[in-house]
Structure formats: structure tokens, C-alpha cells
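S.K.: After the sequence you'll find the predicted model.
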Amino acid sequence: MIELARNLRKKQTEAESFLRAILRDKQVNNLKFRRQHPLSNYIADFHCPEINLVIELDGGIHNTKEQKANDKIRDAIMKEHNVNVVRFTNDDIFDKTEEVIQTIIEISNKSPLSTQWRGAGGEVNLSFEVYTTRVDTVFGMSFVAIAPEHPLVEKITTTEHKKAVETYKEEAKHKTQLERTELQKEKTGVFCGAYAINPFNNKKTPIYIADYVLAGYGTGVVMAVPAHDERDFEFAKKYNLPITNSILPKEKDHPEYQNILDGNFCYTEK
């Protein structure tokens with residue numbers, strides 16, 4: 001799916017290219033849109049993770065009865081996972097540009113930010129990007145891991161967890177990057193008191209400060225999917241966090257199939 005998305009980015013239509021330039025230049029509510037972005041089993045033309053909005057551009061093929069039915073099913077599935085979908089025709093992009101932009105702005109103004117945390121002053125909304133190499137495993141996210149040196153740590157740590165977090169950050173300073181990322185190293189972390197909301201299923205997930213995450217790799221904030229990542233798996237086992245499968249082996253006779261189902265084995269596709 002990820003490779004297909006990469007190939008589609010190289011073959012963007014004129015309408016996609018035109019809209020991309022508009023979204024980049026007009027800075028619609030300062031939102032960032034990713035083009036040809038994988039979401040579960042689909043690839044969205046444009047996706048904004050901050051408000052979970054998908055923009056689809058429909059060419060001539062979308063006028064067929066069969067494609068309209070497929071689009072309807074796809075939109076319904078997206079809605080089930082709290083993804084808002086708006087569709088424009090290719091002609092709309094060129095002939096009704098201002099109307100298109102205004103529609104996107106109006107939708108974004110009504111859309112909640114995709115991430116929340118609860119701090120000392122009550123509930124606050126904040127949007128941030130997480131890093132993952134497998135977006136199709138998003139429904140298996142059971143916690144968020146942030147690098148100790150990430151600037152977000154200070155903002156989201158609650159008062160009652162501040163001392164433990166500061167102590168952990170100080171300990172992390174004395175470790176090399178190699179020591180922190182060594183696969184055989186025991187995974188450590190500390191809960192910061194904040195929770196993130198997975199925009200795809202609305203589930204509340206705890207945010208941990210963990211030194212196996214580096215600020216300079218990806219965004220420094222990891223979407224942790226323990227069922228399909230060995231480091232996340234070890235961390236989840238240590239801190240008794242949920243392990244939820246989002247992909248399974250195609251072969252039912254896989255030697256660890258039952259253990260995978262039970263959350264006792266980390267399954268990664270080769």
C-alpha cells in the first residue's frame with residue numbers, strides 16, 4: 001500500500017497538482033495536507049491528520065454507476081473511523097477554485113483537532129504528528145511514545161507526573177543514541193499523565209516518555225503498535241499496555257498464529 005502511494009504521487013493528475021499548490025500557497029488555516037496518503041486499505045488523494053479530513057478529487061471514471069457505488073462504500077467506512085470526506089470534481093478545482101477553498105476552510109473550522117491531553121488546567125486540545133512506517137496498523141495503536149528531549153514533553157506533562165518525567169529526562173541525557181536504540185536493551189519509559197485520542201477510532205491512549213524514541217528520527221513522536229513492532233511490544237509487555245492486532249498472517253497454519261491472536265507474539269510482515 002505504501003509503495004503504491006509513492007507511485008501515485010509520481011503520477012499526479014493536473015487537478016491534484018493544482019490543488020496541492022493551492023493548499024501549500026494559501027495555507028488553509030495553517031493545516032498540512034499529505035497527498036496520496038494510505039489510510040487503512042485505501043489511498044486518499046489528500047489527507048490532513050490534524051483534523052482527520054480527506055479530500056478526494058473525482059475524474060470522469062467516478063461518474064460510472066459502479067465507481068459511484070464503490071465511492072459510497074469507501075466514504076461510509078471512512079466515516080465509521082471518524083474520517084471526514086469531502087469530494088470535488090476535477091473541473092471544480094479549476095473552475096470553482098475559491099468555492100473549493102472556502103468549503104475546505106468551513107469544514108476545518110468545524111472539525112475538532114485530532115489529539116487531546118488533560119493537564120493541570122483541565123482539558124486542552126492540541127494537534128501533533130506521529131511517526132509510523134506502517135499507517136495501515138493505525139487501529140492497533142495502544143500508546144504514544146515521545147522522545148525525552150522533545151519540546152512537547154514539557155507542554156503536556158501534568159503536575160503530578162512532572163518530577164518523575166524530569167528525573168527520567170535527566171537519566172536519558174547520559175545515554176548515547178546507540179544505547180537508547182539498541183534492540184536488546186530493556187525498554188524504559190515514564191507516563192506523563194497525558195492521553196492522545198486516536199482520530200481513526202476515537203480511542204484514548206496514554207502518552208509515555210521513552211528513550212528508545214529519538215527526537216531526530218521521524219517526528220520524535222511514535223505511534224506505538226506493540227502487536228507489530230518488537231520494541232513497542234517489549235515496552236507494552238513491561239508496562240502492561242494493550243496489544244491489539246490490526247494485521248494477521250495470511251497462513252492460518254502460521255506456527256505462532258494463536259499467540260499472535262492472544263497478544264503473546266509480535267507479528268511483523270517481511
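M.R.: Thanks, I have it. Residues are numbered from 1 along each chain as shown.

S.K.: Please state the backbone phi and psi of the closest residue to residue 161 other than its chain neighbours?
M.R.: Closest residue to residue 161 apart from its sequence neighbours, by Cβ to Cβ, 6 or more residues apart in numbering: residue 193 at 3.9 Å. For every residue, glycine as well, the C-beta is placed using N, CA and C. Main-chain torsions, residue 193, degrees, to the nearest 10: phi 90, psi 0.

S.K.: Go ahead and confirm residue 193 touches residue 164.
M.R.: No. Counting by Cβ atoms under 8 Å, residue 193 does not reach residue 164; the two are 9.2 Å apart.

S.K.: okay, those two: which has more neighbours?
M.R.: residue 193 (20 against 15; other Cβ atoms under 10 Å).

S.K.: Can you tell me how far the more buried one is from residue 206?
M.R.: Distance, residue 193 to residue 206, by Cβ to Cβ, to the nearest Å: 9 Å.

S.K.: Over to residue 163?
M.R.: 18 Å.

S.K.: tell me the secondary structure for the residue nearest to residue 261 when sequence neighbours are not counted?
M.R.: Once flanking residues are discounted, residue 261 sits nearest to residue 245: 6.8 Å by Cβ to Cβ, 6+ apart. At residue 245, secondary structure determined by DSSP: H, G, I helix; E, B strand; the rest coil is coil.

S.K.: about what we covered before: compare residue 163 and residue 206 (neighbour count), which wins?
M.R.: Using other Cβ under 10 Å as the criterion, residue 163 and residue 206 rank with residue 206 on top: 18 against 10.

S.K.: Assess the claim that the more buried one and residue 144 are in contact.
M.R.: Yes. Between residue 206 and residue 144 a contact is recorded at 7.4 Å, counting by Cβ under 8 Å.

S.K.: Common neighbours of these two, please.
M.R.: Shared contacts of residue 206 and residue 144 (Cβ atoms under 8 Å, 6 or more residues apart in numbering): residue 196.

S.K.: which residues touch the residue nearest to residue 261?
M.R.: Residue 245 sits next to 140, 227, 228, 260, 261, 263, 267 when contact means Cβ under 8 Å, 6+ apart.

S.K.: do the same with residue 250
M.R.: Counting by Cβ under 8 Å, 6+ apart, residue 250 touches no other residue.

S.K.: Helices along the chain, start to end?
M.R.: Ranges of helices in the chain, per DSSP state H, are 2-10, 14-26, 65-80, 90-95, 97-110, 152-156, 162-173, 177-181, 230-238, 257-261.

S.K.: any idea of the pLDDT on the residue nearest to residue 261?
M.R.: On pLDDT, residue 245 comes in at 83.

S.K.: What of the one 5 residues further on?
M.R.: Each residue has a pLDDT score; the one for residue 250 is 79.

S.K.: and if you look at residue 14?
M.R.: pLDDT for residue 14: 89.

S.K.: Identify the residues contacting the closest residue in space to residue 238 that isn't next to it in sequence.
M.R.: Among residues not flanking residue 238 along the chain, residue 187 sits closest, at 6.1 Å (Cβ to Cβ, 6+ apart). With contact taken as Cβ under 8 Å, 6+ apart, residue 187 is in contact with 210, 212, 231, 234, 235, 238.

S.K.: for those, which one is nearest residue 12?
M.R.: Using Cβ to Cβ, residue 231 comes nearest to residue 12 of the contacts of residue 187, at 34.7 Å.

S.K.: Tell me how many other residues surround that closest one.
M.R.: 19.

S.K.: nearest spatial neighbour of it, skipping sequence neighbours?
M.R.: Among residues not flanking residue 231 along the chain, residue 212 sits closest, at 5.5 Å (Cβ to Cβ, 6+ apart).

S.K.: That'll do, ta.
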